[in-house]
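**Q** here you go, sequence then predicted model.
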Amino acid sequence: MLKTKIPFIILAALLFNACGTTKNIQKEVKEQATSDYYWQQHVDYTMDIDMNVNNYQYDGKQKLVYTNNSPDTLKHVYYHLYFNAFQPNSEMDIRSRTIADPDKRVGDRISKLKPDEIGFIKVNSLKQDGKALNYKIEGTILEVTLAKPILPNTTTTFNMDFKGQVPVQIRRSGRNNKEGVALSMTQWYPKMAEYDRSGGWTATPYIAREFNGVWGDFDVTIHIDSNYILGGTGYIQNPNEVGYDYQDNGKEVKHKSGKLTWHFKAPRVHDFTWVADKDFAHDKIQVPNGPMMHFLYKKNLAENWKQMEPKAVKTMQFYSKHIGKYPYKQYSVIQGGDGGMEYAMCTLITGERKPSSLAGVVYHEMAHTWFQFLLASDEGKYPWMDEGTTSYISDLAQNEIEGTQKDDPTQNAYAGYYYLVKSGKEEPLSTHADHYNTNLAYGIGSYNKGEVYIAQLGYIIGKENLAKTLKRYFKEWAFKHPTPSDFKHVAEKVSGIHLEWYKNDWLETTHTIDYSLDITSGNNTNLTQVNLKRIGTMAMPLDILVKYKDGTMESFYIPLREMHGEKPNPFGAMKRTVLKDWDWAHPDYNFTIPVAKDKIQLVVIDPLNSMADINKENNIFEAK
């Protein structure tokens with residue numbers, strides 16, 4: 001680990017042959033994007049940004065080469081203008097002031113912004129292949145009527161001049177956050193909306209939730225006062241010019257007065273983020289067989305950050321092992337924004353935390369590099385796909401790295417889900433992120449119930465199959481836009497079990513799981529009958545453990561008929577009897593154990609506590 005003592009860029013840690021790599025990546029992306037069974041759009045951004053740090057305004061020129069890989073002819077395109085959300089009476093402002101339980105970080109703060117504190121992106125001119133276009137701004141969306149349609153498998157070029165103002169930091173983006181970081185530049189540029197196979201244009205307003213973007217390559221030049229240190233997405237192209245000479249063993253290069261030009265290239269990303277401050281410290285650690293990791297934070301926080309950094313390295317190794325190898329040459333953890341939020345090749349977190357809290361937010365946000373950044377699901381349509389899966393894998397990572405040795409590190413997620421059910425505010429996970437009635441339903445649903453979806457899948461198909469599913473999911477869907485059906489299909493291929501019933505009930509309804517059991521001897525005292533009842537509206541396969549008074553145990557497994565298969569034995573060498581499957585329509589199921597009731601000590605449904613049964617009290621018989 002090395003800390004520099006001079007102004008330094010987080011991304012300048014290694015020289016990168018961007019040209020050759022970008023050409024190979026472009027070829028690979030084109031092949032993926034135009035295959036018979038899948039397509040996705042492609043963008044190439046070239047941007048030149050001149051930042052005025054006195055009034056927090058910036059002038060931008062953007063060249064956008066857009067490739068339509070879809071089978072459709074496009075007559076309009078749409079851009080996101082996210083900074084327009086930070087204005088009084090915006091949709092984000094109104095939603096925050098009218099929802100039943102507003103996010104305290106936002107509250108009514110937007111409504112109180114003064115003209116020099118608001119955010120905006122104003123489009124001064126826009127052309128398509130040299131022809132001026134008609135467009136209009138609707139809140140955070142720029143609606144553009146094309147001069148000529150974009151035919152399938154063709155490319156067109158847009159040139160835009162725009163002006164932006166960085167808002168006072170309220171949510172994620174902004175200037176001068178509560179910890180004093182000058183510029184957190186996230187979702188700061190006119191960003192082409194996604195047009196994809198699952199629903200066409202994703203031209204939704206920015207309400208405060210999540211994002212979606214088009215895969216492509218970025219070439220970004222930023223002009224800013226020379227006393228600012230930048231970090232974020234991409235590889236620096238001019239390290240010597242901005243203040244550090246890598247070709248001369250780290251010899252410091254004196255800054256010129258006025259502005260410096262920072263030039264970045266970022267291949268194969270769907271977003272571009274940068275952060276700037278005058279007072280950043282910079283540490284770097286090389287991950288063995290992995291990327292260079294960079295840490296930018298206020299200098300007075302060095303003691304706590306340095307305690308977190310080795311855990312961040314282990315976290316990178318954990319996810320590369322259990323999901324798939326991190327594909328870029330660097331990754332950055334940067335103080336900025338609010339809370340924690342993932343971006344291309346980096347995360348922004350608040351930095352004034354204890355070491356344990358710093359590590360905790362890094363476990364979660366770094367996992368987002370895989371679950372939504374590389375596996376780029378639409379966060380608006382399917383927020384659980386990134387938040388739930390991230391919560392699952394980060395709980396596993398934290399359990400291992402911290403050495404807490406919990407038998408099941410996901411149990412807090414189950415507890416959160418049970419709380420949501422009892423609250424009466426639960427909504428289906430298929431609800432769009434912006435349209436939940438409460439922040440509580442969105443938060444607990446997307447994070448906790450989403451995590452339970454993954455953990456409980458391990459109960460249905462087996463934990464080993466779940467681990468294989470996550471790896472295969474990454475292998476098949478990295479650098480693409482997977483949907484819930486795509487994830488489900490991977491799990492089906494790995495396990496051989498049909499899972500449509502599970503996806504539908506857990507994601508698209510608020511059906512709950514609730515089973516009960518009792519045991520009886522009947523007329524034959526040498527037999528014991530186990531009587532099961534499905535009380536809840538969601539059907540599940542069942543593991544049932546029987547413990548006898550002599551200390552021996554065995555298990556019985558009842559597959560659900562809709563599965564058309566069965567999972568491996570989760571109890572190792574313990575005897576397991578696979579019973580006849582249970583169809584969904586019948587609420588009752590009985591089977592017989594060839595042992596007298598008085599020899600049975602315990603019978604329990606789901607002894608490993610992996611099924612989200614909302615009433616555990618009726619899941620057990622225990623002899624008095």
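**A** Received the coordinates, thanks.
**Q** which other residues reach stretch 614-624?
**A** 418, 421, 512-519, 535-536, 549, 598, 600-606, 609, 613 (C-beta atoms under 8 Å, 6 or more residues apart in numbering). Any C-beta I mention is one placed from the backbone N, CA and C, and that applies to glycine too.
**Q** which segments of the protein make up each domain?
**A** For the chain, automatic domain parsing gives the domain ranges 2-287, 387-508, 515-622.
**Q** got JSON lines for those, with mean pLDDT, mean neighbour count and distance to K298 too?
**A** JSON lines is the format used below for the domains of the chain (pLDDT from 0 to 100; neighbours: other C-beta atoms under 10 Å; distance: least, C-beta to C-beta, whole Å):
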{"stretch": "domain 2-287", "mean pLDDT": "87", "mean neighbour count": "18", "distance to K298": "6"}
{"stretch": "domain 387-508", "mean pLDDT": "97", "mean neighbour count": "19", "distance to K298": "25"}
{"stretch": "domain 515-622", "mean pLDDT": "96", "mean neighbour count": "16", "distance to K298": "42"}
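**Q** turn these into CSV, including distance to T350.
**A** Compiled in CSV, these are given as follows (distance: least, C-beta to C-beta, whole Å):
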stretch, distance to T350
domain 2-287, 6
domain 387-508, 17
domain 515-622, 32
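**Q** from K425, how far off is the residue of the chain most remote from its centre?
**A** What lies farthest from the middle of the chain is N523; by C-alpha atoms, centre = their mean that is 57.0 Å. Separation of N523 from K425 (C-beta to C-beta, to the nearest Å): 49 Å.
**Q** V220 now?
**A** Remark: distance between V220 and K425 (C-beta to C-beta) = 42 Å.
**Q** repeat that for H564.
**A** According to C-beta to C-beta, H564 stands 35 Å off from K425.
**Q** what do you get for V494?
**A** Per C-beta to C-beta, V494 is found 34 Å from K425.
**Q** for K475, same thing?
**A** Noted for K475: a distance of 38 Å to K425, by C-beta to C-beta.
**Q** next one: L348
**A** Per C-beta to C-beta, L348 is found 30 Å from K425.
**Q** show me what contacts the closest residue to A182 other than its chain neighbours?
**A** Leaving aside its sequence neighbours, A182 sits nearest to D277 (C-beta to C-beta, 6 or more residues apart in numbering; 4.6 Å). Counting by C-beta under 8 Å, 6+ apart, D277 makes contact with G180, V181, A182, L183, Y228, I229, L296, K298, G336.
**Q** and for H76?
**A** E143, V144, T145, L146.
**Q** am I right that the last one sits in a helix?
**A** The reference is to L146. No - read with DSSP: H, G, I helix; E, B strand; the rest coil, L146 is strand and lies in no helix.
**Q** does it really touch K75, like I thought?
**A** Yes - contact status for L146 versus K75: in contact at 5.7 Å, counting by C-beta atoms under 8 Å.
**Q** what about the helices in the stretch 351-500 of the chain?
**A** Assigned helices in the stretch 351-500 of the chain, in chain order: 355-367, 383-402, 411-423, 439-443, 450-461, 463-477, 484-495, 500-508 (criterion: DSSP state H, counting those that start in this stretch).
**Q** packing partners of the second one?
**A** The contact analysis (3 or more C-beta pairs under 8 Å, 6 or more residues apart in numbering; DSSP states H and E) places helix 383-402 against helix 302-322, helix 355-367, helix 411-423, helix 450-461.
**Q** in JSON lines, list the ones you listed along with distance to Q286.
**A** Formatted as JSON lines, those follow (distance: least, C-beta to C-beta, whole Å):
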{"stretch": "helix 302-322", "distance to Q286": "9"}
{"stretch": "helix 355-367", "distance to Q286": "16"}
{"stretch": "helix 411-423", "distance to Q286": "34"}
{"stretch": "helix 450-461", "distance to Q286": "31"}
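**Q** wait, W477 sits on P484?
**A** No - taking contacts as C-beta under 8 Å, W477 lies outside contact range of P484: 11.8 Å.
**Q** wait, which of the helices and strands packed on helix 383-402 is closest to V166?
**A** Closest approach to V166 among the helices and strands packed on helix 383-402 is made by helix 355-367 (22.1 Å; C-beta to C-beta).
**Q** now do the closest one: everything it contacts.
**A** By C-beta under 8 Å, 6+ apart, the surrounding residues in contact with helix 355-367 are 304-305, 307-308, 311-312, 315-316, 319, 331, 333, 339-342, 347, 349-351, 353, 389-391, 393-394, 397-398, 401-402.
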